[in-house]
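S.K.: Dropping the sequence and predicted coords here.
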Amino acid sequence: MVRTVAVADPGDLLAHLRGPASYAWVRHGEGMVAWGEAARVTVPPGPGRFAWARDWLAQTLGEADIDDQVRVPGSGPVAFGSFTFDPASPGSVLAVPAAVLARRGGRAWLTTIGRVPATLAPAAPQPATAPTGPVRYGDGSLSAPQWQHAVSLAVERIRRGDLKKVVLARDLDAVAERPIDLRALLSRLTRRYPACYTFSCAGLVGATPELLVRRTGEAVESLVLAGTTARAATPAEDAARGTALLSSGKDRHEHACAVDSVRDALAPLCKDLTVPAAPELLKLSNVQHLASPVSGRLSESASVLDVVAAMHPTAAVGGTPTGRAVELIGRLEGMDRGRYSGPVGWIDARGDGEWGIALRCGSIEGSHVRLFAGCGIMADSDPAAELAEAQSKLRVMQDALEGR
Ligand SMILES: C=C(O[C@@H]1C=C(C(=O)O)C=C[C@H]1O)C(=O)O
């Protein structure tokens with residue numbers, strides 16, 4: 001039995017998380033947190049994995065007896081999911097939590113499955129600053145100089161005309177002195193990055209600024225990001241950096257590749273699609289990005305997972321053209337990205353949902369975390385500047401792990 005009831009404003013959503021299986025999708029204090037597992041499945045690798053996931057969900061939820069008193073996107077049963085970047089890699093997960101607490105637009109609701117009581121027990125108190133121990137870091141598959149060398153090889157390939165853009169990522173191993181306190185980590189991410197989607201799904205945790213797709217009925221929205229510069233210490237310098245980013249030929253071209261990939265993926269599914277003529281600036285506390293909000297209306301009914309299947313991987317995380325870029329990523333990065341840069345989000349029984357691209361994130365196992373960050377490489381990329389950019393993206397998780 002699945003039951004959704006309206007509840008009074010729960011305050012801080014994250015403060016309600018409990019238990020080892022904790023799921024979250026929170027932005028500007030809205031979204032959902034969830035705990036427990038009524039069902040969970042490892043999605044088999046392969047090109048049809050999104051369709052497989054959609055069908056598994058239809059079957060799993062199709063058998064449920066649903067009493068939904070709220071009836072909005074995200075009410076009723078919900079599944080959280082996280083997919084690997086590479087369709088051939090194992091580790092994609094879909095889970096239906098036993099309890100989901102959500103808030104959007106002044107309404108809050110609680111969904112429970114099975115024997116979990118359909119009332120909200122008082123949240124367990126959370127220490128204001130959960131203590132963290134020191135964190136030790138080690139290189140992942142490539143050291144910083146090796147990664148810079150990989151960037152220069154990619155630049156050569158692009159200059160030869162083999163491809164236009166490739167996104168190269170690196171990983172970093174972090175070991176904390178104590179097991180990671182997930183709730184405290186998520187709280188720090190939401191505090192520092194309120195405009196990002198702070199997510200937690202089966203051990204993958206982060207705060208991504210990039211919305212792959214939100215589907216609400218026939219409406220779809222996406223926020224395309226590509227092109228990055230650092231924040232500066234003074235407002236004047238910061239504004240100057242932003243202006244320089246907006247007028248940088250290299251970054252505008254890099255951004256256009258990402259926008260084109262989203263347009264090409266969405267156009268066949270949509271009866272109308274609005275793509276801004278020029279990007280705007282998105283300022284986060286670590287970096288500023290070029291951003292293009294894209295919106296459209298689906299021409300035929302398609303679940304959010306069908307739209308995700310058509311979009312992934314966009315050129316924000318793969319490159320242009322996609323096939324050549326993905327092949328070069330496999331050759332130069334020397335690692336399996338796992339679920340980093342794959343789709344992460346939630347879907348309800350109507351097929352509505354929100355999926356981000358899993359950036360600024362880490363994969364947690366006990367006190368070990370594997371962190372990732374990448375950058376779009378173009379013909380005129382400077383390897384040292386790309387390394388600095390990757391490092392400022394890694395800082396998101398490093399700061400949260402270290403208690404900042
Ligand atoms: C690949 C990442 O970010 C992507 C790459 C960007 C860039 O190169 O400018 C900007 C935003 C993201 O689309 C990452 O954060 O790991």
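M.R.: Thanks, I have the structure now.
S.K.: Which secondary structure element is home to Q59?
M.R.: helix 49-62 (DSSP states H and E).
S.K.: tell me what the next helix or strand after that helix is packed against?
M.R.: Counting by DSSP H and E, the next helix or strand C-terminal to helix 49-62 is strand 66-68. Other helices and strands packing on strand 66-68, by 3 or more Cβ pairs under 8 Å, 6 or more residues apart in numbering; DSSP states H and E, are strand 2-6. In this view, the C-beta of every residue, glycine as well, is placed from N, C-alpha and C.
S.K.: so what does the helix or strand that the strand it packs on is followed by touch, helix or strand wise?
M.R.: Downstream of strand 2-6, the next assigned helix or strand under DSSP H and E is strand 22-27. Judged by 3+ Cβ pairs under 8 Å, 6+ apart, the packing partners of strand 22-27 are strand 30-35, helix 182-192, strand 197-201.
S.K.: Need the mean per-residue confidence for the helix or strand just after the shortest one.
M.R.: Proceeding N to C from strand 197-201, the next assigned helix or strand is strand 204-208, under DSSP H and E. For strand 204-208, mean pLDDT rounds to 98.
S.K.: hmm, who's touching strand 204-208?
M.R.: 82, 182, 185-186, 189-190, 192-193, 196-199, 339-340, 344, 356-364, 396-397, 400 (Cβ atoms under 8 Å, 6 or more residues apart in numbering).
S.K.: what about it, distance to the chain center?
M.R.: 6 Å (Cα atoms, centre = their mean, to the nearest Å).
S.K.: Is the closest residue to L211 other than its chain neighbours in a helix, a strand, or coil?
M.R.: Spatial nearest neighbour of L211, chain neighbours left out: L223 (4.2 Å); criterion: Cβ to Cβ, 6 or more residues apart in numbering. On the three-state scheme (DSSP: H, G, I helix; E, B strand; the rest coil), L223 is labelled strand.
S.K.: residues from the stretch 151-300 of the chain in reach of the ligand?
M.R.: Contact residues, the stretch 151-300 of the chain versus the ligand (Cβ under 6 Å from any ligand atom): V167, A169, E210, L225, A226, G227, T228, H289.
S.K.: what's near enough to touch the fourth one?
M.R.: The one in question is L225. Counted by Cβ under 8 Å, 6+ apart, L225 has contacts P209, E210, A258, L282, H289, L290, A291, A316.
S.K.: in the stretch 301-404 of the chain, which spans are helices?
M.R.: 304-311, 322-333, 383-402 (DSSP state H, counting those that start in this stretch).
S.K.: Not counting its own residues, what contacts the first one?
M.R.: For helix 304-311, the external contacting residues (Cβ under 8 Å, 6+ apart) are 50-51, 53-54, 57, 81, 83, 212-215, 220, 222, 261-262, 265-266, 268-269, 298, 343, 345, 347, 351-355.
S.K.: Three-state assignment for the residue of the stretch 151-300 of the chain found nearest the ligand, please.
M.R.: Going by Cβ to the nearest ligand atom, the ligand is nearest to T228 of the stretch 151-300 of the chain, at 3.5 Å. Counting by three-state DSSP, the backbone at T228 sits in strand.
S.K.: That one - how many residues pack around it?
M.R.: T228 has 23 neighbours, counted by other Cβ atoms under 10 Å.
S.K.: Please tell me I have it right and it contacts Q288.
M.R.: Yes: at 7.1 Å, T228 counts as touching Q288 under the criterion of Cβ atoms under 8 Å.
S.K.: where do the contact lists of the two overlap?
M.R.: With Cβ under 8 Å, 6+ apart, T228 and Q288 have common neighbours L245.
S.K.: Contacts only, for the one residue in the stretch 1-150 of the chain that gets nearest to the ligand.
M.R.: Nearest residue of the stretch 1-150 of the chain to the ligand (Cβ to the nearest ligand atom) works out as F85 at 10.3 Å. The contact partners of F85, by Cβ under 8 Å, 6+ apart, come to P313, V317, R337, G338, R339, Y340, S341, G342.
S.K.: Give me the secondary structure label for it.
M.R.: Quick answer, by three-state DSSP: F85 is coil.
S.K.: okay, and for the stretch 1-150 of the chain, where does confidence drop off?
M.R.: Along the stretch 1-150 of the chain, the parts satisfying pLDDT under 70 run over 116-119, 121-131.
S.K.: count of neighbours near E156?
M.R.: The number of residues packed near E156 is 11, by other Cβ under 10 Å.
S.K.: and the gap between it and K165?
M.R.: Relative to K165, E156 is positioned 14 Å away (Cβ to Cβ, to the nearest Å).
S.K.: S299 now?
M.R.: The separation that S299 has from K165, given Cβ to Cβ, amounts to 29 Å.
S.K.: Same question for A64.
M.R.: 44 Å.
S.K.: Mind checking which of these two has more residues around it?
M.R.: K165 (27 against 17).
S.K.: picking up where we left off before, the residue nearest to L211 reaches E210, doesn't it?
M.R.: Yes: using Cβ under 8 Å, L223 is in contact with E210, at 6.2 Å.
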